[in-house]
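Undergrad: Sequence first, then the predicted structure, then my questions.
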Amino acid sequence: MEDGGLKARKKLESLLASCRKCVYVDKPFLKFEAYRWLPSKVEVLAVGESPPPGRKESVFYNLEVFDRLRLSMKLILNLKEDGEILECLKRSEVFVTAAVKCRPPSFKAIPEMRRNCVSILKEEIRLLKPKTVLAMGRTAMESLCEIFRLKPPHYTSQLATLEAGNLQITFTPHPNYIYRFRRDLAFKIRKLLLSRRS
């Protein structure tokens, strides 16, 4: 990771460590060192919902236990092994984050936590300077529309792209929804994640 990437990582980790806005179970982005997977340059920032709610260890960046988002991303990226996912994304200059960084105690806590976490996501976008942001699911869509003052797309089961200055924001269904109901979208999202370099 280049010097700028290391500074961004330290700043983001510090922001997360010091945040006390919500009641939470734990801080998986710190606990499992998610930001060590930051590429030196982030072309695509993929924003999901939140770590799985409740007292558990599953999260995208914990390769020791099963995680539904990782399973869904394997389908989208056409990969077989969990360990391949993080390496593939880093090589492709993609970082997967969440609209809610801390683990919610329950699903009911997500809307309030999302609102509290908007400033951290906004700072993450500012520090990482992606060219493209993927809003994966409704929670990510709400946060990104709030940050960029965009009108939400009408559908959350399709792909929709909007511009915010020089930033392209593509709204997609959540990967778990794609895994269960819309596998026909997997190839399109794979292209967005892995082929957006200019």
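TA: Structure received. Numbers count the residues shown, from 1 in each chain.

Undergrad: what does stretch 97-106 rub up against?
TA: 16, 19, 22-29, 34, 45-54, 56, 59, 110, 113-114, 117-118, 120-121, 124, 139-140, 142-144 (C-beta atoms under 8 Å, 6 or more residues apart in numbering). (Glycine included, C-beta is placed from N, CA and C.)

Undergrad: do stretch 182-189 as well
TA: Leu75, Ile76, Asn78, Leu134, Ser157, Leu159, Thr172, Pro173, Pro175, Ile178.

Undergrad: For the residues you listed, point out the one with the lowest pLDDT.
TA: Confidence by pLDDT is poorest for Ser157 among these, given 74.

Undergrad: gap between the nearest residue to that one once chain neighbours are set aside and Ala164?
TA: Sequence neighbours aside, Pro173 is the residue nearest to Ser157 in space, at 5.4 Å (criterion: C-beta to C-beta, 6 or more residues apart in numbering). Noted for Pro173: a distance of 20 Å to Ala164, by C-beta to C-beta, to the nearest Å.

Undergrad: Check Ser119 too.
TA: 17 Å.

Undergrad: buried stuff in stretch 103-119?
TA: For stretch 103-119, the neighbour count (16 or more other C-beta atoms under 10 Å) marks Arg103, Pro104, Pro105, Ala109, Ile110, Met113, Arg114, Arg115, Asn116, Cys117, Val118 as buried.

Undergrad: Among the residues you listed, which are located in strands?
TA: When the buried residues of stretch 103-119 are checked against strands (DSSP state E), there are no matches.

Undergrad: And those residues, which is closest to Gln168?
TA: Nearest to Gln168 among those is Val118, at 19.9 Å by C-beta to C-beta.

Undergrad: which regions of the chain sit below the pLDDT cut-off?
TA: For the chain, the stretches with pLDDT under 70 are 1-4, 155-156, 196-198.

Undergrad: try 90
TA: 1-7, 82-83, 151-166, 194-198 (pLDDT under 90).

Undergrad: For it, which segments count as strands?
TA: 44-48, 94-98, 132-136, 160-164, 167-172.

Undergrad: Tell me which of these sits most buried.
TA: Of all those, strand 132-136 has the most neighbours on average by mean count of other C-beta atoms under 10 Å, namely a mean of 26.

Undergrad: Give me the neighbour count for the closest residue to Ala99 other than its chain neighbours.
TA: Using C-beta to C-beta, 6+ apart and skipping the chain neighbours, the partner closest in space to Ala99 is Ser143 (4.2 Å). When neighbours are counted by other C-beta atoms under 10 Å, Ser143 registers 23.

Undergrad: residue contacts, Ser143?
TA: With C-beta under 8 Å, 6+ apart, Ser143 has these contacts: Val47, Ala99, Arg114, Cys117, Val118, Leu121, Ala135.
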